[in-house]
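**Q** 3D, please:
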Amino acid sequence: MLAVALRLAHVRSQGFAASLRYCRILSLKFQRHFFFVADVGLPGLHSAYMFHRKYVVPEDEMSRRDCLRSDSVMMIGIVLLLNLFVTSSLMLAQEEKPPKADIFAGYQWLNPGGTVATGRDAFGNPIATKLPSIAEGAGAALGINFNKYLALEFDYGGNWDTPANESTATVGPRLMWRGEGVNMFIHTLGGLNRLTVKGLPAKNGLGAVLGGGIDLKIVRHLSLRLLEADYVLGRYNFADFVGPQTPELRRPVLQGARLRTGLVFNLGGAAPSAPPAASCSVKPNEVMVGEPVTATVAASNFNPKHTLTYNWTSTGGKPSGKDSTATIDTNGVAGGSYTVTARVADPKMKKGGEASCTANFTVKEPPKNAPTMSCTASPSTVQPGTAATITCTCTSPDNVAVNVSGWTASAGTISGSGNTGALNTTGAPAGTITVNATCTDSRGLSSTSSATVKTWHLAWKTDDGGKNWRHINKGMIDDSDVFSIIVDPTNPSVVFASACSGIYKSTSAGDLFAKIQGIPFSARRTRVLKEDPSNPSIVYAGTTEGLWKTADYWIVPAGATFSGEGTAPVNESRIKPIPDHPAAPAAKKKVAKPKAQ
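**A** Here you go, the predicted structure:
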């Protein structure tokens, strides 16, 4: 590239010096005939320069300035041509295959960008006319693709209007960037331009096109050229009509612009090749801790002639393997789900040559079953202040060591050693006491169990002066704490007991009790019982809802009188009688049907 740049600089410096003396480049004194140097290599440039030195015709100062400007444009175009060829030769075709060729056809608008002679005035001088924009036109191009980026393009464009017509036929390289759904390109073309001015013969001249555009993909074989914008250069010779006194009209240089839009038809080529892919699998997908897992990756869409590289990683365990199969060591891995990842790469592919995949496997730890435990109390019912023994049995289904601890009690105090605990009910209220204990194994797994001890304020009786006692609560509700006991002094077999569930009476010296009715349920908690000293059949009960007294009811036949001591007649008007056997409702009478007449 440095040698090319130096050679171009040498040619360019000599070209500028020659341009100060000469104007007609690469053109002979033959009307409508043209010679074009097609060789863009360095020997071709040197030959073109020698041709220029041999056949140029001297012009005046203005003509030399015009030639200097046009020389600059032509030299920029040549440099761009060389740059495109050199750059594209260094590019490698990627996996997406472009069409073999593409054809553009569409509308073209042109601004010629110059002034030409369109006739003579009364004194015979040429009339200078600036060429207007030409809206009527069409363009076409054929591109032959060498690879994804570089193509050789043949281009034709024409515009027609009343003052002038201009057409171009050019060829040159095109560089295209192909994206997802959109293509962008630039091109630099050289060739033949033809200009027809009204009243003058048509002229051919050297031309160049430099520009680019954007294509939007519609389907695989069809695209929309959204916009193409080009700079159009054309040089013409009207020496047979315009004298040397007006060099700008004698050899005009048009520097215009054109815009295009239309359709692009893509021919041939193959669909984009599928990207590299990989698929992973594991076997087995569920193991116990310490058991190995085998992982396998299957790569696809890679070049079969290339050697692939493999890299294995895992979120758990230690994978080992450098090819399509790896073994995962699960020793020391905690139970859970893990993911193994394989990355497959083709080192010879510079882009898109890698694929990855994952597979999941599960590692299970040995069974971990919590210990089982059951607790019992002996005795299960005690008088407040007495003790009970709690015994717990704890075992591990996995045959690991266990330990019982964490003794707690809902009332009283508990002290435990090993699997046995002692419950002291001193100060505990009557009711149920719950004792809990925890069994823990050597792995930290635990379970709890409980036992219950009932403590009641029961009625107790001794028959030997207090040496031995037994509780007498037969016939009472289980949770009946006894608050008060009285014995009929005239009949020791009659015993009254007040409990939280009501008042009980025994006629068997406490061996069996029966609940006495008459006190409302809301007043059942009787704290104290007292007998009338003068009449043991009268008992007073102090409850949470007042003082109650026993009463005897005497039934007197109709018409008879009774006047017992301490009795009073009942006011029957305030009592609503309730029959024991209510009468059946009266049957409905059937209505006799009238006899038919």
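**Q** what segments of the stretch 51-200 of the chain are helices?
**A** 61-90 (DSSP state H, counting those that start in this stretch).
**Q** give me the below-cutoff pLDDT ranges for it.
**A** Low-confidence regions of the stretch 51-200 of the chain, defined here as pLDDT under 70, cover residues 51-96.
**Q** then the chain?
**A** Where the chain drops to pLDDT under 70, the residues are 1-96, 270-272, 457-458, 478-480, 522-524, 551-556, 558, 562-597.
**Q** and it, what are its domains?
**A** For the chain, the domain assignment from automatic domain parsing gives the residue ranges 2-87, 96-263, 277-358, 372-455, 461-549.
**Q** bridging residues for K505?
**A** Listed by DSSP bridges, the beta-bridge partners for K505 are F496, A514.
**Q** okay, now it: neighbour count?
**A** Taking other C-beta atoms under 10 Å as the neighbour definition, K505 ends up with a count of 16. C-betas here are computed from N, CA, C, even on glycine.
**Q** quick check, it in contact with G518.
**A** No - taking contacts as C-beta atoms under 8 Å, K505 lies outside contact range of G518: 11.3 Å.
**Q** and for the two, which residues touch both?
**A** Here K505 and G518 share no contacting residue, scored by C-beta atoms under 8 Å, 6 or more residues apart in numbering.
**Q** which parts of stretch 453-472 are buried?
**A** Neighbour-count burial for stretch 453-472, with 16 or more other C-beta atoms under 10 Å as criterion, is recorded at 453-456, 458-459, 472.
**Q** now the domains of the chain in TSV, with distance to T561?
**A** Putting those into TSV (distance: least, C-beta to C-beta, whole Å) gives the following:
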stretch	distance to T561
domain 2-87	142
domain 96-263	121
domain 277-358	95
domain 372-455	51
domain 461-549	23
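**Q** what's opposite the residue nearest the centre of the chain in the beta bridge?
**A** For the chain, T358 is the residue whose C-alpha lies nearest the centre (C-alpha atoms, centre = their mean; 17.7 Å). In this entry, T358 is beta-bridged to T341, by DSSP bridges.
**Q** who are the contact partners of it?
**A** 280, 339-342.
**Q** farthest pair in those residues?
**A** Using C-beta to C-beta, the contacts of T358 reach their maximum pairwise distance at T339 and A342, which is 10.8 Å.
**Q** between these two, who's got more neighbours?
**A** Under the neighbour definition other C-beta under 10 Å, T339 and A342 were set side by side, and A342 has more, 28 against 14.
**Q** test my guess that that one contacts A278.
**A** Yes - between A342 and A278 there is a contact at 6.3 Å, judged by C-beta under 8 Å.
**Q** shared neighbours of these two, anything?
**A** When contacts are counted by C-beta under 8 Å, 6+ apart, A342 and A278 have 297, 356-357 as shared neighbours.
**Q** using JSON lines, lay out those together with distance to N303.
**A** Supplementary listing: the shared contacts of A342 and A278 in JSON lines, determined by distance: C-beta to C-beta, whole Å:
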{"residue": "V297", "distance to N303": "17"}
{"residue": "S356", "distance to N303": "18"}
{"residue": "C357", "distance to N303": "19"}
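**Q** most neighbours among the residues you listed, which one is it?
**A** Within the shared contacts of A342 and A278, neighbour counts (other C-beta under 10 Å) peak at V297, which reaches 26 neighbours.
**Q** following whichever strand or helix holds that one, which helix or strand shows up next?
**A** For V297, the enclosing helix or strand under DSSP states H and E is strand 293-300. Tracing the chain past strand 293-300, the next element assigned as helix or strand by DSSP H and E is strand 309-314.
**Q** return the set of buried residues in that following strand.
**A** 310, 312, 314.
**Q** now those as a markdown table including distance to A499?
**A** Formatted as a markdown table, the buried residues of strand 309-314 follow (distance: C-beta to C-beta, whole Å):
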| residue | distance to A499 |
| --- | --- |
| Y310 | 86 |
| W312 | 79 |
| S314 | 73 |
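**Q** what helix or strand does L249 sit in?
**A** When elements are assigned from DSSP H and E, L249 belongs to helix 247-250.
**Q** name the helices or strands packed onto that helix?
**A** Using 3 or more C-beta pairs under 8 Å, 6 or more residues apart in numbering; DSSP states H and E as the contact definition, the elements that helix 247-250 packs against are helix 61-90, strand 115-120, strand 126-130.
**Q** centre of the chain to the last one, how far?
**A** By that I understand strand 126-130. 70 Å (C-alpha atoms, centre = their mean, to the nearest Å).
**Q** tilt between it and strand 115-120?
**A** Here the directions of strand 126-130 and strand 115-120 differ by 140 degrees (axes from the mean of the first three to the mean of the last three C-alpha atoms, to 10 degrees).
**Q** who touches strand 126-130?
**A** Contacting residues not belonging to strand 126-130 are listed as 114-121, 163, 241-243, 246, 248-249 [C-beta under 8 Å, 6+ apart].
**Q** which among those residues count as buried?
**A** Neighbour-count burial (16+ other C-beta under 10 Å) applied to the contacts of strand 126-130 gives 114, 116-118, 163, 241-242, 246, 248-249.
**Q** nearest to G213, of those residues?
**A** G114 (23.4 Å).
**Q** tell me who's in contact with that closest one.
**A** Each residue near G114 by C-beta under 8 Å, 6+ apart is listed here: 130-131, 234, 252-256.
**Q** for P489, see how far away it is.
**A** As for G114, its distance to P489 is 149 Å (criterion: C-beta to C-beta, to the nearest Å).
**Q** try G190
**A** Going from G190 to P489 by C-beta to C-beta gives 145 Å.
**Q** residues contacting Y310?
**A** Contacts for Y310 were tallied using C-beta under 8 Å, 6+ apart; they are 297, 321-324, 326, 342-344.
**Q** please name the bridge partners of it.
**A** In this entry, Y310 is beta-bridged to V344, by DSSP bridges.
**Q** can you check C394 too?
**A** According to DSSP bridges, the partner residues bridging C394 are M373.
**Q** and if you look at V404?
**A** According to DSSP bridges, the residues that bridge with V404 are C439.
**Q** contact partners for it?
**A** Residues in contact with V404, defined by C-beta under 8 Å, 6+ apart, are 373, 392, 394, 416, 418-419, 437-439.
**Q** nearest to R194 among those?
**A** T438 (105.3 Å).
**Q** specify the local secondary structure of the residue nearest to the closest one when sequence neighbours are not counted.
**A** In space, T438 comes closest to G406 once its chain neighbours are excluded; the distance is 3.6 Å by C-beta to C-beta, 6 or more residues apart in numbering. For G406, the reduced secondary structure class is strand; criterion used: DSSP: H, G, I helix; E, B strand; the rest coil.
**Q** check contacts around K198.
**A** With contact set as C-beta under 8 Å, 6+ apart, K198 has these partners: 118, 162-164.
**Q** contacts for stretch 518-535, please.
**A** The set of residues external to stretch 518-535 that reach it, using C-beta under 8 Å, 6+ apart, is 483-486, 488-489, 496-503, 538-546, 548, 550, 566.
**Q** what is the end-to-end distance of that stretch?
**A** Using C-alpha to C-alpha, to the nearest Å, the gap from the first to the last residue of stretch 518-535 comes to 20 Å.
**Q** cool, stretch 213-230 as well?
**A** With C-alpha to C-alpha as the measure, stretch 213-230 spans 8 Å from end to end.
**Q** ok, now stretch 123-143?
**A** End-to-end distance for stretch 123-143, by C-alpha to C-alpha: 50 Å.
**Q** what residues of it count as buried?
**A** Judged by neighbour count using 16+ other C-beta under 10 Å, the buried positions of stretch 123-143 are 126, 129, 131, 134, 137-143.
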